Structure formats: structure tokens, C-alpha cells
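In: All I have is the shape, not the residue letters:
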DNA sequence: TTAAATCGGTTCATATAATGAACCATCGTT
DNA sequence: AACGATGGTTCATTATATGAACCGATTTAA
């Protein structure tokens, strides 16, 4: 392993709960020699990636990270960060995929991609997703800011006869989404279209959008559903990383439970 | 020079005007061997500090910077970043220094520090600075968001007989501040107190606050004024860096002109 | 169509820089 | 005063970084 890598690894030892680390402690955490660790810290400090607190002699993340982070934010559009993951998602599932972003109380379509695999396929032709009727929308209401629930209740347009049209039925969908870490829409926005959606988080740590797969109901087997969920999780992880976010452990747990329980059911059937 | 430093240096080659760089170009910019540069890029990519664009094979800043930048923001308060610079400022000038932050349309006092050098000294005992009467306020109106001018015009309270009480006289002060990159208050907030103020910028690239020196008029000689300005510039650079910002070149130019023309006057007198 | 020039990426003998055990100096406890 | 922490330093040993030359693929020019 290169020495530069070892130096950079030290940065990942900082966290919100441990923002300051002293030399000795860092040696223990990194399981490395004190002299080596010290030199690595010197390098990082000279570059502004960390700084030493004069009083305590501890180290913390440095100001250069703010600059570089801002530059990344300024120069790389979110769309670019979602592109590769969405392509992979579509390829692996053979279904239509799309990514949405939450701005204020509205869920906007960011991009969509269709699979050439089937002649019949879902087409995403909306610019904003109804919160109560789509998988992405349920995902946003369930895992995004609290005021989205009220916003969703403000418009119960019935797109199909399965669309939820009152707060109670919406609440049920939201609860399921919170338990599984994913949103579902079984023919609730368009007949014959089943969608599943996973949340995306950005550098503020908040829900930032959703990545979804829309499949035609006739080929939506349990096997396909399992594949879609698996790939959605992978896509969500990739996009979240690209947007500078971290998947909250509560979501990771929900995913693990959802995938595990489903596999169990499959095995026992 | 350590190889880790060399790798990290590559990051500073990215900028808003050059967000993507290819391998060969990076070699030229960094004046380093191609193989070495390539390996450095590999290390940075593995750490998420840069990423390669699949299509063009160019490199750009990576998502890890967003995460680390946000963590720095979350764990290091602005106050801490201003502390050392303010202490040095007060020591070198022997006068009272203070730092203010702009939040919305209001300029709040963040911290102040008095010099033990003189028994008579300025005391900063306000929590918000009037925009029209203080050096920090003029600085904010001149170099901050445009709507501050209207806000300043909303309250022309006359603290002394020198306080500007109409838009015209305020405009004149603002123009001077824009030309010199600093705000001035010669007995306009408190009699016998002269203040000079330099802007601070944060990671959004915008005016974020001001660092100021308040001196008692009786010892405010041209020599002291020159020292204060020089140290203010140094303090502004330090705090701006700590807050993740960059001094705009327009401000740097204004400072250079202001300092140079004054020195010329001194020499010719 | 060919040939020269670029590009990103790779190889391997050489040279340089990373390493860590042992070492200080300093601090706060016991 | 002896102990066990801390942050920081030294120097012989060793492992890693280095770069000239190379490769294959595109692009450009003749």
C-alpha cells in the first residue's frame, strides 16, 4: 500500500462523534507506528486537510476540505453522479429506471433510462412525481422531511383505482416504506406498472431524492422483484456516495431485514 | 518532499474554470513524470478525492470531498477559526479587534478581544452592528449582498454628529470601501473611536462577515493606520481560509492598490 | 493509406523516501 | 520521586516511489 493512501486513510478516522483525535489515539485507531503516523499528520496538516488545535494538541479536519468540497459541488452536477449507477441498474434489471430529486416540497424527475431488453416498457414522462401515488413519492414522504406528509395529503388525485385517496391509506404505505427502506407503487400511478424506489442522501445527511425501477406488471415476478430490490440498493449506495452522503444505518438495517425476510419466504415456499 | 504531499498537490490544480484534467495535461501542470502522476491519481481516486469520467478519461474532484467538507463544517465552529487570527491581530496592533458574521440582513458580533497594551481602549458591547455607522457594517454593505444597502437605508440612527443619515452619504462610504476593500468608520458610531474593517468570505464564495480593529482616535496616527490595515488583511486571509473561502481577486487588487497608494503618499510627504 | 503525434496506461532496474524501535522532554497522578 | 501517559525526534534499515522506455489505441497530417 502506498504511503499516500495510508496518510489519506487517517482522514476517515474522524467522525461527528469523534471530531478531534490526538497522536497516540490515532496510532491506536490506525494501528500504525507513532513516527509514521506523525509524519502522515504533518503532510495532511501542510495541505490543510487537518489542523492541530493549539491548546489540546489534538487534530481535527482542516479548512481545505471546505474549499475542495465547495469546488466539487460547483463543478459536478448531480446528474453526472447518477448516470453510471442508473445505467447499471437498467442493464441488470432490464427495466426502466429513473432518478428524482427533492427540491422544497416537490419531487422532480432528474433523469430516466429505458432498457432496450423488452419492447413493452415503462416510460417516465412526468417532470414532477405525485407524492401519494408513486414509489419515489412514498419514499420521499416516508424518509424525507416531515412536512412532506401534509403536502402529499394536499392532493389525493386518483390516477388509478388503486391510488390511495386518504391520509389513512397513505399512512399505511408510508409505514411499509419506513420498515423496508423502500417505496412501492403497485399500479397506483399507472395501471400495469409496478415501481420500487430507494432513497438517496446527500452531504447534508438528509433525504435528497430517490432512484426507482418501473416494471410492467405482467413480468413482475417475485424473482424479478428480488433482483430489482438488490440492484436498487446498490444504485442508492453509489449515487448517495457520489452526492457526498451516507446511507443512515437505520436504512441499511431496514434493507437488510427486508431482503432477508423475503429470501426466507422464498426458501420456505 | 513526501510522495503523499505530491499526490495531494494535484488536487489544487482543479478549479472552477478547469474542473476536468486529463493525465497528460496534469503531468504538464504538475511538472511531473507521467507514471508517477498516474499512480498519484490512482491513490486519490481510490480514496474518492477524485474520480475519472468514464467517457473522456479525464479526472475531476471526487465525492469524498463533499463528505469531509460537510464533516468539517459540522464539527468546527466558525468562532474557533477566527480565534487565533483575532489574537494575533490584537497583539500586533495593540488595539481592540472583533469579528462579525452576516446572517440574513443582520451583522452579528461573533467575538471581540481587547489589547492589554493601553488603559484606554475601545470596548465592543453590541450584539449587532448598525450597517450605516460601523466599519464592519459599511464593509458588509459594500462587499456583501446587494439587498444590504436598502436594509442600511432603513435605519439612519445618528449615533454621533458624523453618522451618515441619508443614502447619498452612505453611498459615498460604500464606494470608498469597494475601492479599498475595507470599511471605515471615523467616529461615526462612537465619538473618539476610529474603526477599520476587512471582509471575510466563506465556502460559498460570498461575503460572510468582517474582521475589524477599533482604535481610540487620540493615538490613531497614519503609521498605526498602516499597521492596522496590513494586519487586517492578514487576519482576513487567515479567517477566510479557515472558513473555507477564497479572497476574490478583486478584493486582493483593491487591497494592493490601497496599501500601495498610501505608502507612496507616506514616502512623498 | 500511411506516418507521425497524442493519448492513457504499463514495465522494471534504480534511487529515494518511508519506516519503526528506541529515544527525549513534558505533563499530571500516585 | 517514580510512574505512565502524552507529543515529538533520531537514524540505520528496508520498502516504496520513481521515470525512461515501452505498448496499444486514437487522432491528425500529409
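Out: All right, it came through fine. Note that the coordinates shown come from a computational prediction; the quantities given were computed from them, not determined experimentally. Residues are numbered from 1 along each chain as shown, chains lettered A, B, ... in the order given.
In: Residues of the stretch 1-150 of chain A that sit close to DNA strand C?
Out: A:3, A:6, A:32-36, A:39-40 (C-beta under 7 Å from any atom of the strand). Where C-beta positions appear, they are placed from N, C-alpha and C, glycine not excepted.
In: ok, which of these also contact DNA strand D?
Out: Counting by C-beta under 7 Å from any atom of the strand, the members of those near DNA strand D are A:3, A:34-35.
In: now, among the residues you listed, which is nearest to residue B:115?
Out: Minimum distance to residue B:115 across those is 40.0 Å, recorded for residue A:34 (C-beta to C-beta).
In: ok, that closest one - contacts?
Out: Counting by C-beta atoms under 8 Å, 6 or more residues apart in numbering or on different chains, residue A:34 makes contact with A:23-24, A:27.
In: ranking those residues by neighbours, who comes first?
Out: When the contacts of residue A:34 are compared by neighbour count (other C-beta atoms under 10 Å in any protein chain shown), residue A:27 ends up highest, at 17 neighbours.
In: Tell me if the helix or strand harbouring that one is near chain B.
Out: Per DSSP states H and E: residue A:27 is located in helix A:23-30. No: Helix A:23-30 is not in contact with chain B by C-beta under 8 Å from any C-beta of the partner chain; minimum separation 14.0 Å.
In: quick one: average confidence on that helix?
Out: What helix A:23-30 shows for mean pLDDT is 91.
In: I'd like to know which elements it is packed against.
Out: If contacts are counted by 3 or more C-beta pairs under 8 Å, 6 or more residues apart in numbering or on different chains; DSSP states H and E, helix A:23-30 sits against helix A:34-46.
In: redo that, cut-off 10 Å
Out: helix A:3-9, helix A:34-46, strand A:59-61 (3 or more C-beta pairs under 10 Å, 6 or more residues apart in numbering or on different chains; DSSP states H and E).
In: Just list the residues touching whichever residue of chain A sits closest to DNA strand D, thanks.
Out: Across chain A, no residue is closer to DNA strand D than residue A:22, which sits at 2.4 Å (C-beta to the nearest atom of the strand). Residues counted as contacts of residue A:22 (C-beta atoms under 10 Å, 6 or more residues apart in numbering or on different chains) are A:28, A:52-53, A:56-59.
In: Residue A:180 too?
Out: Per C-beta under 10 Å, 6+ apart, neighbours of residue A:180: A:142, A:196, A:198, A:229, A:251, A:254-255, A:257-259, A:261-262.
In: Enumerate the residues of the stretch 51-200 of chain A near DNA strand D.
Out: A:52, A:57-58.
In: Let's have these in JSON lines, adding pLDDT.
Out: Formatted as JSON lines, these follow (pLDDT from 0 to 100):
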{"residue": "A:52", "pLDDT": "89"}
{"residue": "A:57", "pLDDT": "87"}
{"residue": "A:58", "pLDDT": "91"}
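In: Could you report the separation of the residue nearest the centre of chain A from residue A:113?
Out: What sits nearest the mean C-alpha location of chain A, by C-alpha atoms, centre = their mean, is residue A:200, with 2.5 Å. Counting by C-beta to C-beta, to the nearest Å, the separation of residue A:200 from residue A:113 is 16 Å.
In: likewise residue A:179?
Out: 29 Å.
In: now do residue A:139
Out: Distance from residue A:139 to residue A:113, by C-beta to C-beta: 18 Å.
In: Looking at the two, which has the bigger crowd around it?
Out: For residue A:139 versus residue A:113, neighbours defined as other C-beta under 10 Å are more numerous around residue A:139 (35 against 16).
In: all helices of chain A, in order?
Out: A:3-9, A:23-30, A:34-46, A:64-75, A:78-93, A:135-143, A:147-153, A:167-180, A:222-242, A:249-268 (DSSP state H).
In: how far out from the middle of the chain is the longest one?
Out: Helix A:222-242 has its C-alpha centroid displaced from the chain centroid by 10 Å (C-alpha atoms, centre = their mean, to the nearest Å).
In: counting contacts, what elements does it pack onto?
Out: Short answer (3+ C-beta pairs under 10 Å, 6+ apart): helix A:222-242 packs on helix A:78-93, strand A:96-103, strand A:193-201, strand A:207-216, helix A:249-268, helix B:64-75.
In: which stretches of chain A have low pLDDT?
Out: For chain A, applying pLDDT under 70 flags the ranges A:261-269.
In: repeat that with 50
Out: Chain A contains residues with pLDDT under 50 at A:265-269.
In: Quick check: the closest residue in space to residue A:73 that isn't next to it in sequence vs residue B:208, distance?
Out: Here the nearest residue to residue A:73 in space, its sequence neighbours aside, is residue B:66; by C-beta to C-beta, 6 or more residues apart in numbering or on different chains that works out to 6.5 Å. With distances taken as C-beta to C-beta, residue B:66 is found 20 Å from residue B:208.
In: neighbour-wise, which of the two wins?
Out: Neighbours were counted for residue B:66 and for residue B:208 using other C-beta under 10 Å; residue B:66 has more, 27 against 23.
In: residues contacting the more buried one?
Out: Applying C-beta under 10 Å, 6+ apart, the residues near residue B:66 are A:65, A:68-70, A:72-73, A:76, A:81, A:202-204, A:241-245, B:48.
In: mind checking how far it is from residue A:163?
Out: Taken as C-beta to C-beta, the span from residue B:66 to residue A:163 is 37 Å.
In: do the same with residue A:108
Out: On the measure of C-beta to C-beta, residue A:108 and residue A:163 end up 20 Å apart.
In: Of those two, which one has the most company?
Out: residue A:163 (20 against 15).
In: PyMOL command to pick out the buried ones of the contacts of residue B:66?
Out: Selection of buried members from the contacts of residue B:66 for PyMOL, criterion 16 or more other C-beta atoms under 10 Å in any protein chain shown:
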select buried, (chain A and resi 65+68+69+70+72+73+76+81+202+203+241+242+243+244+245) or (chain B and resi 48)
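In: distance of residue A:11 from residue A:81?
Out: With C-beta to C-beta as the criterion, residue A:11 and residue A:81 are 21 Å apart.
In: can you check residue A:48 too?
Out: 25 Å.
In: For the stretch 151-269 of chain A, which residues are neighbours of chain B?
Out: The stretch 151-269 of chain A has residues A:202-205, A:238-246 near chain B, with proximity defined as C-beta under 10 Å from any C-beta of the partner chain.
In: out of these, what pair is the most spread apart?
Out: That would be A:204 and A:238, which, of those, are the farthest apart (C-beta to C-beta) at 18.5 Å.
In: Excluding chain neighbours, what is closest to the closest residue to DNA strand C within the stretch 151-269 of chain A?
Out: The nearest approach of the stretch 151-269 of chain A to DNA strand C comes at residue A:242, 18.8 Å away (C-beta to the nearest atom of the strand). Counting by C-beta to C-beta, 6+ apart, residue A:81 is the residue found nearest to residue A:242 once chain neighbours are left out, at 3.2 Å.
In: hang on, isn't that neighbour packed against residue A:203?
Out: No: under the criterion of C-beta atoms under 10 Å, residue A:81 makes no contact with residue A:203, lying 11.4 Å away.
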